[in-house]
Every structure is written in C-alpha cells, then in structure tokens.
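Asker: give me the fold of what follows.
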Amino acid sequence: MHIGHIFPFYFAKYLQDQTGTLVYIPFSDDEKYFLKDKSLDEISEYTRENLLDLLAVEFDPKRTRIVVDTADADVVYPLATAFAKEVTQATVDATYGEPKNIGLSFYPAVQATHLLLPQLVEGRHPTLVPIAVDQDPHVRVCRDIAAKERYDVAKPGALLSKFLPSLEGPGKMSSSDDAPSILLSDDRETVFDKIRTHAYSGGQTSLEEHREQGGNPEVDVSYQFLYYFFEESDEQVERFAREYRKGSLLSGELKEMAAKKITNFLEVHQERRRSLGSLEDELEQFRLTEDERQVARRRAGYPESSLVQK
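Answerer: The predicted structure follows:
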C-alpha cells in the first residue's frame, strides 16, 4: 500500500472520532484476483499485509466492521446473489466496458453488497462512501439497486475525492506502474530520496529564474502533499503558496518540508503496526458477529432456514 491508499481510511477514522459513526471496510480480495495476474496465494499475502496496515489506523472495534470477501463469503455471497438479479449484463457493459472475465461481470453485485451491508445489519440509515472519482460507477449501480423497495435501504451517497498525484506530476499515484510511489513501508532515507529525486517541481530551471519569476504551487507535488494532507495549519500552507509564487521559497525547501512531514507520519503508522499482535487475534474483534450475519441475510430475503452457516 502507498500513502494514497491509506488516507481514505484515516479520513474515515477522523469521521468516526468526530461523530461516532459506524465504519464498514470491505476487502475485495476476489476482485484483485480477477484483475491482476497473481496467484491466490499471492493475493492472500497482499490481503494480510493490507489488513495489518488498516488495523494500524486504530479504528474503534465497537464501531467498525471489516469484511473480507473470501473469508466472509457466508454473508457476502448470499447478498451479492440477491443483488445480481437486479443488474443486467447490458448495465455492466455500459458502465464498465466489456469485462475480461465473468468474475468482473459479477463483481458490481459484490460491490453493492459492500455498500448496502451497513444498512442490512443496522437498519435503514444514511450511508456515506468516501471514494476516489474512478470508483463512482460502483455507487451509481448500487443506487439503482437500493431504489428497489423490497430492500428497505437508503441510496448510499458518494463523497468523491481527487487522486493523490504521482510523484512525477499530475496523474494518479499507483503502486502498479513504473512511476515511484511512497509506500507505507518506506523508511526515512527512502522517502527523502524519492521526494528529492522524483517529486515534480513547479519551480524554475535555475535559482535566478525562480527568484525572479517564482514557482507554481498548483503543479508542485511537494506542495500538493503539504496542502492536502501533511500541513495542518491553513495559514502556513497559504503562506507557502504565496512565498513560492514570489520566489522566496525554493523547490528544494518545499521538498524537504514535505519529506519530513511524510516520514513523521509514516514512522508513527509503522510503530503502531509493529505493536499489533497476530492478525487473526487483532482482526477477530472487527468481524461481523453471527447475529449480524443472520440479520443481513434475512433483510436481503434469505429465510431463517437457509443452510448458510458461519
């Protein structure tokens, strides 16, 4: 995972701390298998590592549920089966393009399960889905399903966010291409090296030109990191922008500030991760209870006499 992956979870944690909200976190290990040229064992190992990073965010276990598609198939699959009947192949093709396998054709029903599960467990209530803009089609398909009166759920709302920029400039940070990303496992030296070497600058090509013409914070990656995530003070980040435009703040100075803030964040995150016990023990307190599983299946139309068991 890179820092672009983890920030939606820290945002959800912030909302939970501020409002006491329920947080449901789905892990789409099945979708990753459909999409990536990886074995099931490799996908399982990635899932374990991702779960440890997620647990290091320190959600409230009384107000948080983590659902792993393959591990929680007893609740995910029955619900997805019910919702799949509401989605035509034409809708899938029109929304996502032609899927490269039948697993991806079915996946919108699984995604709808993720988004509606909180209401199927807790009853009808407003649901907010913080996602990047490329995930919006999932919410739109799910809203069509939620409109069916028989499920007695509210349409989930999406809170859309911009992509965290790649170090190399405008564009989505990704761990699956050749552009460098700042990984959650990176140490201080690695982060400073990546920022100094790869972070796209909005400054001029020479010190003299920069002092005279100033830089553009809107395209400077180090400034964008500070602006969106790592500088808490609005006054400070606005001052950085003014000084950068005037040329009194240099690109190298911005890079050093961003690298320091990023490493401080990562070191705290990594320390919390190291302090965790075994994944199985840590995860158990976040899993759906048997009562919650039965309630969700029943609200989706499965009878009490269903053979599905935990």
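Asker: where exactly do the strands run in this structure?
Answerer: Counting by DSSP state E, the chain has these strands, from start to end: 23-27, 64-68, 128-132, 157-161, 165-166, 169-172.
Asker: point out where this protein drops to low pLDDT.
Answerer: Per-residue confidence for the chain (pLDDT under 70) gives these ranges: 170-179, 304-310.
Asker: break it down into its structural domains.
Answerer: Taking automatic domain parsing as the reference, the chain has its domains at 3-161+278-299, 166-273.
Asker: in TSV, list those along with mean neighbour count.
Answerer: Where you see a C-beta, it was placed from the backbone N, CA and C, and this is true even at glycine. Written out in TSV, the entries for the domains of the chain read as follows (neighbours: other C-beta atoms under 10 Å):
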stretch	mean neighbour count
domain 3-161+278-299	17
domain 166-273	17
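Asker: coming back round to it: now render the strands of the chain as CSV, adding distance to residue 180.
Answerer: Output for the strands of the chain, formatted as CSV (distance: least, C-beta to C-beta, whole Å):
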stretch, distance to residue 180
strand 23-27, 26
strand 64-68, 29
strand 128-132, 19
strand 157-161, 22
strand 165-166, 8
strand 169-172, 12
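Asker: closest to residue 4 out of those strands?
Answerer: The stretch from the strands of the chain with the least distance to residue 4 (C-beta to C-beta) is strand 169-172; that distance is 7.7 Å.
Asker: all helices of this structure, in order?
Answerer: With DSSP state H as the criterion, the chain has helices at 3-19, 29-35, 40-55, 73-84, 89-96, 102-122, 136-146, 188-198, 207-213, 221-225, 234-246, 251-274, 279-284, 290-299.
Asker: make CSV from those helices and add distance to residue 169 to it.
Answerer: Converted to CSV, the helices of the chain look like this (distance: least, C-beta to C-beta, whole Å):
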stretch, distance to residue 169
helix 3-19, 14
helix 29-35, 25
helix 40-55, 26
helix 73-84, 38
helix 89-96, 28
helix 102-122, 30
helix 136-146, 24
helix 188-198, 10
helix 207-213, 18
helix 221-225, 7
helix 234-246, 16
helix 251-274, 13
helix 279-284, 37
helix 290-299, 44
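Asker: and of those helices, who's closest to residue 181?
Answerer: If you check each of those against residue 181 by C-beta to C-beta, helix 3-19 wins as the nearest, at 7.3 Å.
Asker: starting at the chain centroid, how far to that closest one?
Answerer: Taking the mean of its C-alpha atoms, helix 3-19 sits 9 Å from the chain's own mean (C-alpha atoms, centre = their mean, to the nearest Å).
Asker: same check, this time on stretch 277-295
Answerer: Between the centre of stretch 277-295 and the centre of its chain there are 21 Å (C-alpha atoms, centre = their mean).
Asker: can you list contacts of it?
Answerer: Stretch 277-295 is contacted from outside by 48, 51-52, 55, 59, 61, 64-67, 72, 74-75, 120-121, 276, 296, 304, 310, using C-beta atoms under 8 Å, 6 or more residues apart in numbering.
Asker: circling back to that earlier point, out of the helices of the chain, which gets nearest to residue 162?
Answerer: Between residue 162 and the helices of the chain, the tightest spacing by C-beta to C-beta is seen for helix 221-225, at 9.5 Å.
Asker: restrict that closest one to CA atoms and write it as CSV.
Answerer: In CSV, the C-alpha atoms belonging to helix 221-225 read as follows (Å, rounded to 0.1, in the frame of the first residue of the first chain):
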residue,chain,number,x,y,z
VAL,A,221,3.9,17.7,-5.9
SER,A,222,5.6,18.5,-2.6
TYR,A,223,3.3,21.5,-2.1
GLN,A,224,0.2,19.3,-3.0
PHE,A,225,1.2,16.8,-0.4
